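[1] Fold the stuff below for me.
(chains A and B)
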Protein chains: 2
Amino acid sequence: MSEPATALQRLQDHLHETRVLGSISSALYYDQNTVMPAAGAEWRGEQLALLASQIHARQSSAHYAELVAAAEAELGASAPAERRRNLQLVRLELERQRCLDPALVASLARAQSKGNALWQNARRHNDFPTFAPALAELIALRQEQAGQLASAELAPRSPWEVLAQPFEPDISTARVEELFAPLKATLPVLLEQVAAATAQQSGESTATAELPETEQERLCSELLDSWGYDPTRCQRSRSAHPFSCTVGPQDFRITTRVVPGQPFSSFLATAHEWGHSLYEQGLPRSTDHYFPWPLGEATSMGVHESQSLFWECRVARGRAFAARWQPHFVAGAGADRWGGIDGFWRGLNPMRPGPIRVEADELSYCLHIVLRFELELALLEGGLPVADLPGEWNRRMVELLGLRPASDSEGCLQDIHWAEGLFGYFPSYALGHLISAQLAEAMEQQIGSIEAHVAAGQEQALQQWLAAHVWPLGRAVNGEELVEQVTGERLSATPFLTYLEAKVQQLLSSVRH
Amino acid sequence: MSEPATALQRLQDHLHETRVLGSISSALYYDQNTVMPAAGAEWRGEQLALLASQIHARQSSAHYAELVAAAEAELGASAPAERRRNLQLVRLELERQRCLDPALVASLARAQSKGNALWQNARRHNDFPTFAPALAELIALRQEQAGQLASAELAPRSPWEVLAQPFEPDISTARVEELFAPLKATLPVLLEQVAAATAQQSGESTATAELPETEQERLCSELLDSWGYDPTRCQRSRSAHPFSCTVGPQDFRITTRVVPGQPFSSFLATAHEWGHSLYEQGLPRSTDHYFPWPLGEATSMGVHESQSLFWECRVARGRAFAARWQPHFVAGAGADRWGGIDGFWRGLNPMRPGPIRVEADELSYCLHIVLRFELELALLEGGLPVADLPGEWNRRMVELLGLRPASDSEGCLQDIHWAEGLFGYFPSYALGHLISAQLAEAMEQQIGSIEAHVAAGQEQALQQWLAAHVWPLGRAVNGEELVEQVTGERLSATPFLTYLEAKVQQLLSSVRH
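    Reported below is the predicted structural model:
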């Protein structure tokens, strides 16, 4: 093979090979979580560690830095904007890799592994104090990391802001607070309305009716078929926790799980993961110019989550969708266990706050995130001692959600994120709800009511709109810019709250009927 | 990490990482053949090619050669025999890698890829002439490769012998001819006996009874459970062609397929692949000393095949096993479709020659191999023109098996091996039958009748014997040495032919009853 003629091409070849290695990791991850026997875990760890070290070396080596610099030097004034943007993003990531002290990277890896193990144990035994020192160490290391990374940033950023950049590029604390303030003000009020209205009813536990596993599997397949699932490019399996992953430019995988006693869990998880996968499938990767470059990637975790939440919440938890699918569930269960279409729809939308984030409904979910965001800030920047975390957690739970966790295992020990030193990630989950609602509003202005499309079995129209306006942007714009470009408005909580207020009224009136 | 203290340890670390990369390829291969969507094939090709080039570089680099030389220099006179043997095998493989011209390696890869594509097409359209030039090129390249590799061999070897070494270390043409001569003399006679005895009967097509797919799956699971399948270390899936692969030292996979109209196919394939997997599971890999080293590997394809054939033919096609499992099949089919236990047993042992190797029974299988072995010699060393291959194939089929293929697709185009330039591999399949029979004879001398153990449901005793005598040897000895060490006799065709003669008599008398 002859040496490529341009520095840009040489850089692209390098990025391409890095992408191949990354996709091998994805394939191993998929295998690990779907079929790998338990005893294979240790060796799988070695395989993934070897790939990770190869990828890290490729992303931080002097050779790579030279390739980037040469491509930048070659960039003429007339170069297309996409190329300029690609190189900007490549440069930013390179600077981040290179300003980190390798000793800190190694300390962090060790602390994460230790943190995870101690957390597993602490959660199992409801024993926060045994985990606290590991958490304190992770916080200190992340603060140090943020300090080192700050020099790569183009703007001055606080430690939390620096750590949040990989998930939500260009995000600031002030902006998150601004977006979350209306959620804090309004969601508790809506929750109280629902609680007051449903207090009269005796517990309608429709959502817990049993549905045979094979029927759940069949319904998930039917759902995907109706949403354009293409088995020549996609693969679906079972795993302990549902996820979506991309193994190659034409190889998309999703997983679901069947939870006993929760007949909607696998169905809604399928809708959610398929939303993630559709976004990945729609990213610009068809041309050589995009695929190995940053522009071929998802722009933020918030936007990614908006795509999964759109299909899970806006479509699959909607009234029109419930009306269409209730007969399928009744057929699968052999009888109507949900009390007609409205009972079935309410089963899909419990609207009852609980202590666990991953089990939360649309109304309480974002309050779980507000709590975590504020505590992350307090831990990283506000001097909150780790020992005070459980008390602070429980106090804020009462304040925001009106309930007190029965234990730390159901409280500040419930999520894995902090146990691996992952700070700055949680807000993306809530931003996903906000972005989904604002995109949905713009979609309805252009193509009419989502519910009407769903009632007519025309989800394809929704997909086409997203495929035309959202997915092809890749990282050409950040999450907020994407929303503004697509909707013409700055991102705000208003569309989400407007949507939820209407939904709550509709749900409550369905009970009164 | 500090540098390891000894040259041996540094070499082991290098081999360990090579092994990790190889096992990643195995995981991708498993994924590719069980769940990967079709459109993922091109990218998977890139992933595998990248790993292959990394592995090749690690096995042929100057750095690796230095590591090997340093470990050899460190080897004192009192070093254990295993260490000496490991280094010998490592050195041999290194010399093989290093005496190959990289240009030839590249030409071969291209010719293999072209050969495969042209073969697929030629087989589909029964058009040998379109494939012939590619085959001629592959033969020429392999002859050139054998010439280059010959300099790494410790003994003078013919081209075919050089090419067969990776599959059957230390094998010679004369030795294969010596082992195959009794097969050529006896098997056609046995086939005629069967044909004469069954000519009176109207076609007993018991083996083609239908069995629902879910029942076949269930029977395969039952079989594996009864043979000690451990789901914490093993995984079973479906694929187009059954195979066994090892993804890590504690991660073993096998696959099966369900063939419509062939109710025993999945069951026997499961027995076969599980035999391969048991050998892999029993190889010495529990200590650091063995796993990344040659001694932790299977010693030859013939020995590997002997382990799969033992469980497929000797156990699962035996009368005692048929008697135990016939009721399970009858229950699965909802009725006895096989005519009692004897009819069921005969269904497992059709003993009717056909043109296709992979569908052949125990009696005709080795004759398919004899034919291929002799033609390989003729093509590589005897000057047989490629254009004459179809005619020679058909002439020898009539001679050996008494039948003429209806087309080249059913004749010399049926196997993929030559289309990828794979010469020297076929004999291992027949050696597997011979080795299995000779090991079985020794096993019976020590623990008594295999059939009696099977009748009592005591296959565990057979496994324990293999685990004690065969599997732990790894590559400490070659295939022939293994047989001699375990059985006290030099490998011969006699135990195989004795076993088959008795089986034929038993089968024929089961018809007469």
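[2] shaky segments in chain A?
    Low-confidence regions of chain A, defined by pLDDT under 70, span residues A:1-2, A:200-208, A:286-289, A:513.
[3] what sits against the residue nearest to the spatial centre of chain A?
    Within chain A, one residue has its C-alpha closest to the average C-alpha position: by C-alpha atoms, centre = their mean, that is A:E305, at 4.2 Å. For A:E305, the contacting residues are A:428-429, A:431-433, A:435-436, by C-beta atoms under 8 Å, 6 or more residues apart in numbering or on different chains. Bear in mind the C-beta positions are built from the backbone N, C-alpha and C, glycine included.
[4] Please pick the buried ones from those residues.
    Neighbour counting over those (16 or more other C-beta atoms under 10 Å in any protein chain shown) leaves A:428-429, A:431-433, A:435-436 as the buried ones.
[5] quick one: which of the contacts of A:E305 is nearest A:M397?
    A:Y429 (16.9 Å; C-beta to C-beta).
[6] wait, is the closest one part of a helix?
    Yes. Read with DSSP: H, G, I helix; E, B strand; the rest coil, A:Y429 is one of the residues of a helix.
[7] close enough to count as contact, it and A:Y365?
    Yes. Assessed by C-beta atoms under 8 Å, A:Y429 is found in contact with A:Y365 at 7.4 Å.
[8] Secondary structure element holding the residue in the stretch 51-200 of chain A positioned nearest to chain B?
    Residue nearest to chain B within the stretch 51-200 of chain A (C-beta to the nearest C-beta): A:L51, separated by 7.4 Å. Per DSSP states H and E, A:L51 falls inside helix A:41-60.
[9] A:Q235 now?
    Secondary-structure element containing A:Q235, defined by DSSP H and E: strand A:234-238.
[10] is chain B contacted by that strand?
    Yes. Taking C-beta under 8 Å from any C-beta of the partner chain as the criterion, strand A:234-238 and chain B are in contact, through A:234-235, A:237.
[11] For the residue nearest to the centre of chain A, which non-adjacent residue is spatially closest?
    A:G432 (2.6 Å; C-beta to C-beta, 6 or more residues apart in numbering or on different chains).
[12] name the element that neighbour belongs to?
    Taking DSSP H and E as the definition, one finds A:G432 inside helix A:426-447.
[13] do the same with A:A152
    Secondary structure assignment for A:A152, by DSSP H and E: no helix or strand.
[14] Then A:T246?
    Applying DSSP H and E, one finds A:T246 within strand A:244-248.
[15] same question, A:I171
    With DSSP H and E as the criterion, the answer for A:I171 is that it lies in no helix or strand.
[16] which one is it nearest to, not counting chain neighbours?
    Using C-beta to C-beta, 6+ apart, the closest residue to A:I171 is A:A164 (5.2 Å).
[17] just A:S25 next, same as before
    Once its chain neighbours are removed from consideration, A:S25 has its nearest residue in A:L51; the separation is 4.9 Å (C-beta to C-beta, 6+ apart).
[18] didn't A:L104 look like it was pressed against A:L149?
    No. Using C-beta under 8 Å, A:L104 and A:L149 do not qualify as a contacting pair, with a distance of 10.1 Å.
[19] These two - which one has more neighbours?
    Looking at A:L104 and A:L149 with other C-beta atoms under 10 Å in any protein chain shown, you find the greater number of neighbours at A:L149, namely 21 against 15.
[20] Give the buried residues for stretch A:407-419.
    The neighbour-count criterion (16+ other C-beta under 10 Å) identifies A:408-415, A:418-419 as the buried residues of stretch A:407-419.
[21] Could you do stretch A:333-346 as well?
    A:333, A:336-338, A:341-346.
[22] Just the closest of those residues to B:L118, please.
    For these, the closest approach to B:L118 (C-beta to C-beta) belongs to A:A333, at 54.8 Å.
[23] Identify the residues contacting that closest one.
    Remark: with contacts taken as C-beta under 8 Å, 6+ apart, A:A333 is in contact with A:209-212, A:215, A:263.
[24] Please repeat the previous calculation with a cut-off of 6 Å.
    Contacts were defined as C-beta atoms under 6 Å, 6 or more residues apart in numbering or on different chains; by that measure A:A333 touches A:L211.
[25] now A:R319
    Applying C-beta under 6 Å, 6+ apart, one finds that A:R319 lies in contact with A:W345.
[26] and if we set it to 10 Å?
    With contact set as C-beta atoms under 10 Å, 6 or more residues apart in numbering or on different chains, A:R319 has these partners: A:341-342, A:344-346, A:348-349, A:451, A:454-455, A:503, A:506-507, A:510.
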